[in-house]
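Colleague: My questions are about this predicted structure, shown below with the sequence.
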Amino acid sequence: MNDNRAIPVIEMRAVTVGAMADPGFAVLEGVDWLVAPGEFWVVAGQQHSGKSEFLMMTGGLMPPAGGDYRFFGNPTGIFDESRLADRLRIGFIFETAQLFHYLTIAENVTLPLRYHRNLAEAEAAGAVADLLELTGLKPIADAAPANLARSWLKRAGLARALTMRPEVLLLDNPLAGLDAPMTLVATTDDLRPWRHGGRKFALLKDKQFVRLGSWAEMTASGEPLVKEMLAAPAAATEERGRPAD
């Protein structure tokens, strides 16, 4: 048996998450969270509840403002170059895809292999051929991102994140679920698409991280915000007059 299975993928104790625009302002406080290998978590929250900051910190793109965060048992702040091996264990899918518009879809998808594995263009293209086929991107592989709909950009962002075969996949407010043999953490402001599968749920509310458990446990909790996100489209809960997550 692999002893690594006993080590939590993500372990947070009394973690504080700061705002991206103002790290001194806490968007979440006292986060206690344990993620075991292979689990699929959906972290729900309304607009501006701190979902993006929470994922950015979980992905090592910004440090925790307080508390203890361990990734595979190792204390974690920001993944700098000295911890490249750990950083590459995480795949991150941004809500806006974050593609390079001067590169084609295929070039965007192969970029991690060329940058981190020093593969030649032809070798990298061959390595992702099956992935492009699987994600339906092969017919538009030579297209520029600026010419494509947002749904295709998100799909390309997914393919790019999977090229390095990450052990943990973080999805910032995706449109649909993703089942894969890896640990997954996704944020959402609409719970309805996440009904199926063995997923666990949590809620960001009033600067707190609230663990809700399975779908059945969540729906039986009586939490008013859960009922709201199950009954209404995400746009109906959006707060006005503030920038997006």
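Modeller: Sure thing, it's come through. Numbering: from 1, shown residues only.
Colleague: where in this protein is pLDDT low?
Modeller: Applying pLDDT under 70 to the chain flags residues 1-5, 174-182, 232-245.
Colleague: At which residues are the strands of it located?
Modeller: With DSSP state E, the ranges of strands along the chain come out as 10-18, 26-35, 40-44, 66-71, 74-75, 90-93, 168-171, 183-188, 200-205, 208-213.
Colleague: and Arg155, which of those strands is closest to it?
Modeller: strand 90-93 (9.9 Å; CB to CB). From N, CA and C alone the C-beta is placed, and that goes for glycine too.
Colleague: which other helices and strands contact the closest one?
Modeller: Strand 90-93 sits against helix 150-162, strand 168-171, with contacts defined as 3 or more CB pairs under 8 Å, 6 or more residues apart in numbering; DSSP states H and E.
Colleague: repeat that for 10 Å
Modeller: Applying 3 or more CB pairs under 10 Å, 6 or more residues apart in numbering; DSSP states H and E, we find strand 90-93 packed against helix 51-58, helix 150-162, strand 168-171, strand 183-188.
Colleague: which one of the ones you listed lies closest to Ala220?
Modeller: strand 183-188 (19.3 Å).
Colleague: how close does Arg195 sit to Leu204?
Modeller: 20 Å (CB to CB, to the nearest Å).
Colleague: Of those two, which one has the most company?
Modeller: Taking other CB atoms under 10 Å, Arg195 and Leu204 do not tie; Leu204 has more neighbours (23 against 11).
Colleague: Tell me what the more buried one is bridged to.
Modeller: Phe209 (DSSP bridges).
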